[in-house]
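Visitor: generate coordinates for the sequence data below:
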Amino acid sequence: MIGGILGNEDEKPEVEAKESLAAAEAFAAAVASRLSANDPEVAKRTAVFLEEQAHLLRVQRSHLEEEHALRLIHLRGQTREGQLRRTGMRLRLGFQVLVAVVASALALGGFLLVRDAVTSRQVVVDPFHVPPGLAARGIDGTVIASGLLDELGRLQDATRASSAARGLSGAWTHDVKLEVPETGLSLGEISRLLRERFGHDIHIDGDIVEAASTGGVALTVRGDGVPARIFIGPSIEVEKLCVQAAEYIYSRSQPGRWATYLIEAGRPKEALEFVPYAIPSASPEERPVLLNVWGYAIEGTGGSEREALEKYRAAVKLRPDLWQARNDIMNGLIMLGDEENAWRAGEEMRKIAGGRPGRAPEILYENWDILTWNLGAILDAALVDQQSNVAGGTGLISRGPQIADIYWRLHDPAGAQFAINTTKEDPNDPSVQAIEHFVRGRLSADTGDAASAAAEMRAFGAAVANPYVISNYPGYNCWIAPAEEAAGNRSNADAILKASGTFVDCYRFRADILDGRGDWAGSQKAYAKAVALAPDLPAAYYSWGVALARHGDLAGAVAKLELANQRGPHWADPLKAWGDVLVRQRNTKDALVKYDEALKYAPNWKQLKDARDALAKQKV
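Guide: Okay, the predicted model is just below:
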């Protein structure tokens, strides 16, 4: 068998035949020689017999030689047949794999079609019915549908608040699409039929006719869950009618996002009127969002902050994972001057979200982060959020000024100024200019320009009188007092602190001002009140520690700064101040450690870098 595989099995019979023939001839010669002496007749017959045997062997050899060529041809044929068989098996296997892949792709495609149909939340604007007379004037069904679609898209893009966009699975969570009925049984038609059968799309259609009574046109819109409504106006104002119709559709089909849009568009009074009317008929998914927006509307119109807080808490009761509402609870508590409980609300949110990072978006920890001076986290989240919605972010306020404020707190004036310069103006968001004044005022104060700082902070104070601004930046008005005090306007500083409320910043700034006026005893009491106001927040401990260091109580300063660091571990200021005290205590080794740790949280702080480099040179 091995010889057959190697192709040389045909040589073996030939060799054997030659050997057999030679042996026979030798045997015949030996026998004939031996018997010829006794019986010549026997010898003769023996020789004949052996000759015949030799002849037979020669014939067999000849046959073997002839068969050898045939065997070679047969073996070559078998080899080719085996190769063809193996090729066929490979082709068959490849075809089977291809069929399996195609079948899997078809099954997956079918599954995706069904899944997309079941989860579909699109708004489908169908062409409107238009009489021939209007169509001849260029007002046809597709034109009306496209105009309505454009306005719906604008409203959708303008609604940027994270609460509505992330908390609902409504019609506007996917792109709004204009759909024209297809002909034939195409894949698109199958998808459309599946969505109609299993999906939750909202189909909008209607008609436009000439209004005989006014000489204009009457646009009627209707849809799934959207009662028909007529909008009448001049034929040359069809675009205006489309705007009115789109707002109506938006408000009836997804009231939560419409109410949010009203707040963001600077129309809180309209939101306050709309929300109580919309809640009774709203779906269970919409109600918590509407309650949350109701709180916004109350704040934005200067209403009771406690009433707004009740709305936020009611929203969370209906939907515990409405993270925006939990962030708003923190904001509401801060507005009331209860920063300690605001911090606790943030801790509760973190636990419910499964830690941090967890289920809650990082940007919605912004109130907790500002309380604990967790500046790196809030900056990262704000920068990411800024990239959404044409750089405006997903919050009620523009992210640009907020980012500038964080850069200032990180002692990065270049970053703060760049954020201000690149902020897009928003006529509906008065907080943009307000916080720009605030940041410029603080930057001026840092450079020792007290007059410019006071002027900018006064401009901020005028802007913060707007309920919309103060509700988004509660407690910021406390920072006006140090600027007025530095500019020599003591009475202004006292009046601001008296009217600003029970904020930690107001209390610690009061203590700083008293110390600057020489009332160290009164200052100590004010620092103690600031700590008692919110013992889990770091700012009061920090200011107290810096003041103790000014008065030479280095051990007391270290104790307070250590407490500040425990409550705000990612805040660079207490670490730098701690390092400064250690330098005065001649503990340069530990001071260098504090400086290095502080640089991790404020890498662009020039004074910190200078202090660190100077200390490093001393050690060398």
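Visitor: got a list of contacts for stretch 512-520?
Guide: 481-482, 485, 490, 493, 497, 522-523, 526, 543, 547, 550-551 (C-beta atoms under 8 Å, 6 or more residues apart in numbering). Glycine gets a C-beta too; all of them are placed from N, C-alpha and C.
Visitor: okay, those residues in JSON lines with neighbour count next?
Guide: Listed next are the contacts of stretch 512-520 as JSON lines, based on neighbours: other C-beta atoms under 10 Å:
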{"residue": "481", "neighbour count": "26"}
{"residue": "482", "neighbour count": "26"}
{"residue": "485", "neighbour count": "22"}
{"residue": "490", "neighbour count": "14"}
{"residue": "493", "neighbour count": "22"}
{"residue": "497", "neighbour count": "24"}
{"residue": "522", "neighbour count": "15"}
{"residue": "523", "neighbour count": "23"}
{"residue": "526", "neighbour count": "25"}
{"residue": "543", "neighbour count": "28"}
{"residue": "547", "neighbour count": "24"}
{"residue": "550", "neighbour count": "13"}
{"residue": "551", "neighbour count": "13"}
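Visitor: out of those, list just those in helices.
Guide: 481, 482, 485, 490, 493, 497, 522, 523, 526, 543, 547, 550 (DSSP state H).
Visitor: give me the longest helix you can find in the chain.
Guide: Max-length helix for the chain by DSSP H is helix 40-119.
Visitor: so which elements touch that helix?
Guide: helix 11-35, helix 187-198 (3 or more C-beta pairs under 8 Å, 6 or more residues apart in numbering; DSSP states H and E).
Visitor: in this structure, where is pLDDT below threshold?
Guide: 1-39, 42-43, 113-121, 160-200, 388-395, 619-620 (pLDDT under 70).
Visitor: please parse it into its domains.
Guide: Following automatic domain parsing, one gets these domains for the chain: 2-114, 123-253, 374-619.
Visitor: single out the most deeply packed of those.
Guide: Mean neighbour count (mean count of other C-beta atoms under 10 Å) peaks for domain 374-619 among these, with a mean of 19.
Visitor: what distance separates that domain from the centre of its chain?
Guide: 29 Å (C-alpha atoms, centre = their mean, to the nearest Å).
Visitor: re the thing from before, what's the closest of the contacts of stretch 512-520 to residue 428?
Guide: residue 481 (29.9 Å; C-beta to C-beta).
Visitor: show me the contacts for that closest one.
Guide: Residue 481 touches 492, 493, 494, 496, 497, 500, 506, 509, 510, 513, counting by C-beta under 8 Å, 6+ apart.
Visitor: repeat that for residue 154.
Guide: Contacts of residue 154 (C-beta under 8 Å, 6+ apart): residue 246.
Visitor: which SSE is it in?
Guide: helix 141-158 (DSSP states H and E).
Visitor: what about that helix, distance to the chain center?
Guide: That offset, for helix 141-158, works out to 27 Å (C-alpha atoms, centre = their mean).
Visitor: same deal with stretch 226-240?
Guide: That offset, for stretch 226-240, works out to 38 Å (C-alpha atoms, centre = their mean).
Visitor: same check, this time on stretch 326-344
Guide: 26 Å.
Visitor: how about stretch 567-587 as CSV, C-alpha atoms only?
Guide: Below are the C-alpha coordinates for stretch 567-587, written out as CSV (Å, rounded to 0.1, in the frame of the first residue of the first chain):
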residue,chain,number,x,y,z
ARG,A,567,-13.9,66.9,53.1
GLY,A,568,-12.5,68.1,49.8
PRO,A,569,-9.7,65.7,48.9
HIS,A,570,-9.5,66.9,45.3
TRP,A,571,-9.3,70.6,46.1
ALA,A,572,-5.8,72.0,45.6
ASP,A,573,-6.1,75.1,47.8
PRO,A,574,-6.1,73.4,51.2
LEU,A,575,-3.1,71.3,50.1
LYS,A,576,-1.1,74.3,49.0
ALA,A,577,-1.9,76.2,52.2
TRP,A,578,-0.9,73.2,54.2
GLY,A,579,2.3,73.0,52.3
ASP,A,580,3.0,76.7,53.0
VAL,A,581,2.5,76.1,56.8
LEU,A,582,4.8,73.1,56.7
VAL,A,583,7.5,75.3,55.0
ARG,A,584,7.2,77.7,57.9
GLN,A,585,7.5,74.8,60.3
ARG,A,586,10.7,73.8,58.4
ASN,A,587,9.2,70.5,57.4
